[in-house]
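*Asks:* below are the sequence and a predicted model; questions follow.
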Amino acid sequence: MRLNAKRAMLPLLLAGSIFACECVYRPPCARIHETDVIFIGRVGNAGRDGGGPFRFEVEERFKGVDSSTRELTIFPGLCVAGYRQGHEYLVLAKHLPGGSLQSGDCTGTVPVEVAAEDIRIIRTWARGMPVQELQGRVAENIDDPLVRFALDVEHRAGLAGVEVDAVINGKTFTAFTGADGAFRITVPEPGKYRVKATFPDHSASNSSYEFPVGSGECSEHDIGMWTDSKLSGVLRDAAHHPVAGIPVEMMPYAAQRTFTPLTSVTDADGSFAFSKVPKGEYLLGVNVNGLSSKLPYEPRFYPGLSQREAATPVRVDGPVILDNLDFQIGNRLPTRQIKVSLVWPDGRPVTNASITCESLRSDDRRFIRDFISRYTNARGEAICDVLADRDFQVEADRLSWSSSSRPVQPIATRQRLVVRTGTAPASLQIVVDSINDISDKEQPLDMSAFNDRQR
């Protein structure tokens, strides 16, 4: 189990002004041989509204720039956040087919203030004295891809004193992280190094890593390390039989807002387990954020209580094994099916729609509403399995096409049908306005396979 993961904000996702772009981060010092032009320059002209083309005043040349060149024009790629006038950058650019130069976030261009080590390696390479290095940073209780975000954006502290060993051909090279969590190992030859991080009472996200190092380049990989702890138990029903297939949830005990809990689904023996749990107090249970149709069981909190406020916090003070966190699940509550049929005005089934069944009722005012999303099948049908003790509003909200996903229009007047409290199955039909039909341009996309993932 891993807490504090910023799932919605990966540092690998770089957004341009119009397009959302995704690129795997690689440090500039690892891009030496694949880049056409490398230099340090100051933006003298950022173009109209700061969107380029960018006119750089060349201050130091490393690759692909003639000694007589004083200025270079760089065109922005799709993934470019924009270079600010008057600021200095380590520029890595590529030649376009017509000969002009292009650079973006994914080519490795970065402000000089964050590129000191990259510049040192590139400068040494340009002088004919290549240096191979392994580098990275280590942070506590953070997944590897999120270390950069945690340290650079959230300004969290790195983990100091971590031993990092790099092995190749039976030879081992070692470094320790500094106060900022950074490590750097100079290695004598290019190749693939097997790297392992060691720190008392902690384990890394992976047992080992592979760092491929090119000649005169660096290789970078950030490492997340976790407290060596394990929490486990058994979920049982009122007759003390193990209950399989139920997500047991855990979240910070004092959370006063919506917090996505970590889950462990019980196995055939009713067992659940969480590992690599950071220090803290945790709330453990079933439906810890309140009752919802996705799991129609009364909320239960360890050690088997129905009230959140009465729950016993599970305390993790460091590396620890807690293996008797057994508790009893609550009663299963009555449910019903809402069957929705979607058609175009001419009666054809709408096969690419998202249906939402939402209740405005929440059993815990601090947390989530009861919400189910389903996709129509080849017959234009979708089924919401919902709790029977509340009203639900049903609507078709999006259509998925081969090249796009679009809200059902017109939003203000699209059908929103209400199904009142009751135990009997309900059947509805929703007619989708023909202005949404773009089948002459794109094919409907079958999304029904995602229904199983949402249960």
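*Replies:* Received, thanks. Being a predicted model, the structure only gives us computed values, none of them experimental. Numbers count the residues shown, from 1 in each chain.
*Asks:* I74 pairs with what?
*Replies:* F54, L101 (DSSP bridges).
*Asks:* spell out which residues sit in contact with it, please.
*Replies:* G52, P53, F54, F56, Y83, V91, A93, L101, Q102, S103 (CB atoms under 8 Å, 6 or more residues apart in numbering). All C-beta atoms are positioned from the backbone trio N, CA, C, and that covers glycine.
*Asks:* can you rerun that using 7 Å?
*Replies:* For I74, the contact set (CB atoms under 7 Å, 6 or more residues apart in numbering) comprises P53, F54, F56, V91, A93, L101, Q102, S103.
*Asks:* would you map the helices across this protein?
*Replies:* 116-126, 147-148, 451-454 (DSSP state H).
*Asks:* and the first one, how far from the chain's centre?
*Replies:* This points to helix 116-126. Between the centre of helix 116-126 and the centre of its host chain there is 32 Å, according to CA atoms, centre = their mean, to the nearest Å.
*Asks:* got it, and the shortest one?
*Replies:* Mean C-alpha position of helix 147-148 versus that of the full chain (CA atoms, centre = their mean) differs by 12 Å.
*Asks:* mean confidence score for it?
*Replies:* For helix 147-148, mean pLDDT rounds to 90.
*Asks:* ok so, going back, now the contacts of I74 in TSV, with pLDDT, distance to D165 and neighbour count?
*Replies:* Formatted as TSV, the contacts of I74 follow (pLDDT from 0 to 100; distance: CB to CB, whole Å; neighbours: other CB atoms under 10 Å):
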residue	pLDDT	distance to D165	neighbour count
P53	91	46	16
F54	94	42	27
F56	96	41	25
V91	95	35	28
A93	93	36	26
L101	93	41	20
Q102	91	40	19
S103	90	36	26
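*Asks:* distance check, the residue nearest to F301 when sequence neighbours are not counted against L322.
*Replies:* Nearest non-adjacent residue to F301, counting by CB to CB, 6 or more residues apart in numbering: A311, 3.5 Å away. Per CB to CB, to the nearest Å, A311 is found 15 Å from L322.
*Asks:* same deal with A310?
*Replies:* Taken as CB to CB, the span from A310 to L322 is 20 Å.
*Asks:* between these two, which one's more packed in?
*Replies:* Each of A310 and L322 has its neighbours counted (other CB atoms under 10 Å); L322 has more, 16 against 9.
*Asks:* show me the contacts for the more buried one.
*Replies:* Here L322 is in contact with L231, V314 (CB under 7 Å, 6+ apart).
*Asks:* please apply the same query to the one 4 residues further on.
*Replies:* When contacts are counted by CB under 7 Å, 6+ apart, D326 is found next to G233, V234, R236.
*Asks:* wait, the second one touches D267, no?
*Replies:* Right, the one you point to is V234. No. Using CB atoms under 7 Å, V234 and D267 do not qualify as a contacting pair, with a distance of 9.7 Å.
*Asks:* of the two, who's got more company?
*Replies:* Comparing V234 with D267 by other CB under 10 Å, the one with more neighbours is V234, at 20 against 14.
*Asks:* any weak-confidence spans in this protein?
*Replies:* For the chain, the stretches with pLDDT under 70 are 1-23, 78-81, 105, 256-259, 362-368, 452-455.
*Asks:* domain-wise, how is it divided?
*Replies:* 13-126, 132-227, 230-328, 335-454 (automatic domain parsing).
*Asks:* neighbours of the nearest residue to H95 once chain neighbours are set aside, how many?
*Replies:* Among residues not flanking H95 along the chain, D36 sits closest, at 4.8 Å (CB to CB, 6+ apart). As a burial measure, D36 scores 15 neighbours (other CB under 10 Å).
*Asks:* and for G104?
*Replies:* 22.
*Asks:* leaving out the residues flanking it, which one is nearest to it?
*Replies:* Counting by CB to CB, 6+ apart, the residue nearest G104 is G77, at 3.0 Å.
*Asks:* which ones are touching the one you found?
*Replies:* Counted by CB under 7 Å, 6+ apart, G77 has contacts Q102, S103, G104, C106, T107.
*Asks:* can I assume the third one is in contact with P76?
*Replies:* Spelled out, it's G104. Yes. If you go by CB under 7 Å, G104 and P76 touch, sitting 6.2 Å apart.
*Asks:* returning to what we had before: so which of the helices of the chain is nearest L333?
*Replies:* Smallest distance to L333 across those (CB to CB): 19.3 Å, for helix 451-454.
*Asks:* beta partners of L417?
*Replies:* V394.
*Asks:* any idea which of the helices of the chain is most buried?
*Replies:* Most buried of the helices of the chain, by mean neighbour count (mean count of other CB atoms under 10 Å): helix 147-148, with a mean of 22.
*Asks:* what's it in contact with?
*Replies:* By CB under 7 Å, 6+ apart, helix 147-148 touches P11, Y25, R137, A139, D222, G224.
*Asks:* repeat for stretch 168-186
*Replies:* So stretch 168-186 is contacted by 131-139, 151, 158-166, 187, 191, 193 (CB under 7 Å, 6+ apart).
*Asks:* can I get the buried part of the residues you listed as one ChimeraX selection?
*Replies:* Buried residues within the contacts of stretch 168-186, by 16 or more other CB atoms under 10 Å, are selected in ChimeraX with:
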select :131,132,133,134,135,136,137,138,139,151,158,159,162,164,165,166,187,193
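*Asks:* if we can go back for a sec, and the residue nearest to H95, what does it touch?
*Replies:* Taking CB under 7 Å, 6+ apart as the contact definition, D36 lies against G64, A93, K94, H95.
*Asks:* let's go with 6 Å and repeat that
*Replies:* G64, K94, H95 (CB atoms under 6 Å, 6 or more residues apart in numbering).
*Asks:* report how many residues lie close to the last one.
*Replies:* Close neighbours of H95, defined as other CB under 10 Å, add up to 12.
*Asks:* so it bridges to which residues?
*Replies:* Beta-bridge pairing for H95 (DSSP bridges): L101.
*Asks:* turn the contacts of helix 147-148 into TSV, including distance to R390.
*Replies:* Listed next are the contacts of helix 147-148 as TSV, based on distance: CB to CB, whole Å:
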residue	distance to R390
P11	40
Y25	46
R137	48
A139	43
D222	45
G224	41
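*Asks:* which of those residues sits closest to E381?
*Replies:* Closest to E381, out of all of those and judged by CB to CB, is P11, at 41.2 Å.
*Asks:* not counting its own residues, what contacts stretch 218-227?
*Replies:* Applying CB under 6 Å, 6+ apart, the contact partners of stretch 218-227 are 27, 29-30, 121, 133-140, 142-144, 147, 159, 197, 199, 202-205, 209, 211-213, 276, 278.
*Asks:* wait, C384 sits on S373?
*Replies:* No. Between C384 and S373 there is no contact under CB atoms under 6 Å: 8.6 Å.
*Asks:* which one of the two has more residues nearby?
*Replies:* C384 (24 against 16).
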